[in-house]
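Colleague: missing the sequence, but the structure's below:
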């Protein structure tokens, strides 16, 4: 299931999450709840705390969308780099008609056994 987390994975010595975007969004959601609660405890009006919560939710959603888009772009770029570039016309090979050096004589009409 995406977004779930394996605890104490043996193949990940640094403890990095397999999905860092979900971790960021998880912390942002936590702050969307925590900040209005703290504002209410400090004497802020309910309307002000609700407005702050709404702003934080909107900001979190925008950041999540931008992070996912960036992730997709990075994976697309790495996939394009894995595919070898095939030249101007998309062909491989260096046949005689490709302008490479030919074994034999120095002129097109000469034979290799002068």
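Modeller: Structure received. Remember, it's a predicted structure, so these values are computed and weren't measured experimentally.
Colleague: any idea which helix is longest in the chain?
Modeller: helix 46-82 (DSSP state H).
Colleague: List the buried residues in that one.
Modeller: Residues of helix 46-82 classed as buried by neighbour count (16 or more other C-beta atoms under 10 Å): 49, 52, 53, 56, 60, 64. Quick note: C-beta positions are derived from backbone N, CA and C, even for glycine.
Colleague: Check what pLDDT residue 68 gets.
Modeller: Note on residue 68: pLDDT of 89.
Colleague: Sorry, slip of the keys, the one I care about is residue 34.
Modeller: 94.
Colleague: what about it, how many neighbours?
Modeller: 13 (other C-beta atoms under 10 Å).
Colleague: what about it, which helix or strand?
Modeller: Using DSSP states H and E, residue 34 falls within helix 20-41.
Colleague: what's in contact with that helix?
Modeller: 2-3, 17, 46, 48-50, 52-53, 56-57, 59-60, 63-64, 67-68, 71 (C-beta atoms under 8 Å, 6 or more residues apart in numbering).
Colleague: Just the residues contacting stretch 57-69, thanks.
Modeller: 21, 24, 25, 28, 29, 32.
Colleague: out of those residues, who's nearest residue 83?
Modeller: residue 21 (25.4 Å; C-beta to C-beta).
Colleague: what about that closest one, how many residues close to it?
Modeller: 16.
Colleague: again, but for residue 17
Modeller: Residues near residue 17, counting by other C-beta under 10 Å: 14.
Colleague: Not including adjacent chain positions, what is the nearest residue to residue 17?
Modeller: residue 23 (4.9 Å; C-beta to C-beta, 6 or more residues apart in numbering).
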